[in-house]
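Engineer: coords below, sequence missing:
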Ligand code: ADE
């Protein structure tokens, strides 16, 4: 898979993309990144990418030309899934991550300032928000999307199980996990996990998943119709 990012702050990406699981996925050629500064596609001599809004008002608006020109410069851009990151987009969920992970090439467009010239939306396929809050730009949203998509690519995680038991995988939250020591400050690991009875352990985990989802995310619980 290839992920292209259009951003005015390309330096925000390497640290996260060069660590841990994403780094390994890159080294194993499971993912390729291309980070483009769309300021390089400005059409004026001052290299500006924004301007004052028609009709007046505070702040600056990102112009359509640099973004359009940057898109045209991307090899295979026509067939790539082009995604605009804004607080007005569809709320990003694990189900969307799974869908994105099936694409060969996605392009993430990060905004800044007061938003995009509305005409940018003519050239994209999807608009996503990572939640109902406003970030200073789309970069952190792009990184959250990249991280959640890359770990779903075949071969990236050790075994299929590593993401099939994730929270949200089947619209439920994960069960509680414990590791050594058996007791910490009087807090004990549940007996069943020490029993060696795999059937009982699986049943307990399933029960805990349902209980946790019901308590913490009644919306998800209702959706999957568990008791
Ligand atoms: N840009 C600013 N806020 C955002 C959000 N919540 N999601 C995606 N992109 C954004």
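Structural biologist: It's in. Fair warning: this is a prediction, and the values are worked out from it, not measured in the lab.
Engineer: hey, let's count contacts and neighbours off CA atoms from now on
Structural biologist: Will do.
Engineer: point out the residues in this protein that sit beside the ligand.
Structural biologist: Within the chain, the positions near the ligand by CA under 6 Å from any ligand atom are 85-87, 128-138, 141.
Engineer: let's see that with 8 Å instead.
Structural biologist: 84-89, 91, 110-112, 128-142 (CA under 8 Å from any ligand atom).
Engineer: so the residue most central in space within the chain, which of the three states?
Structural biologist: Note on the chain: the residue nearest the mean C-alpha position is residue 145, at 1.4 Å, using CA atoms, centre = their mean. Recorded secondary structure, residue 145: helix (DSSP: H, G, I helix; E, B strand; the rest coil).
Engineer: now do it, the pLDDT please.
Structural biologist: With respect to pLDDT, residue 145 has a value of 98.
Engineer: ok now do it, which residues does it touch?
Structural biologist: Residue 145 makes contact with residue 97, according to CA atoms under 8 Å, 6 or more residues apart in numbering.
Engineer: pop the domain breakdown of this structure in here.
Structural biologist: 2-150, 165-226 (automatic domain parsing).
Engineer: buried set for the helix or strand in which residue 72 is found?
Structural biologist: Assessed by DSSP states H and E, residue 72 sits inside helix 64-73. Neighbour counts over helix 64-73 (16 or more other CA atoms under 10 Å) mark 64-68, 70-71 as buried.
Engineer: let's have these in a markdown table, adding distance to residue 33.
Structural biologist: Output for the buried residues of helix 64-73, formatted as a markdown table (distance: CA to CA, whole Å):
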| residue | distance to residue 33 |
| --- | --- |
| 64 | 23 |
| 65 | 23 |
| 66 | 20 |
| 67 | 18 |
| 68 | 20 |
| 70 | 15 |
| 71 | 15 |
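Engineer: quick one: which of those is nearest residue 2?
Structural biologist: Among those, residue 71 lies closest to residue 2 (CA to CA), at 14.5 Å.
Engineer: grab the nearest non-local neighbour of that closest one.
Structural biologist: Leaving out its chain neighbours, the residue that sits closest to residue 71 by CA to CA, 6 or more residues apart in numbering is residue 77, at 6.5 Å.
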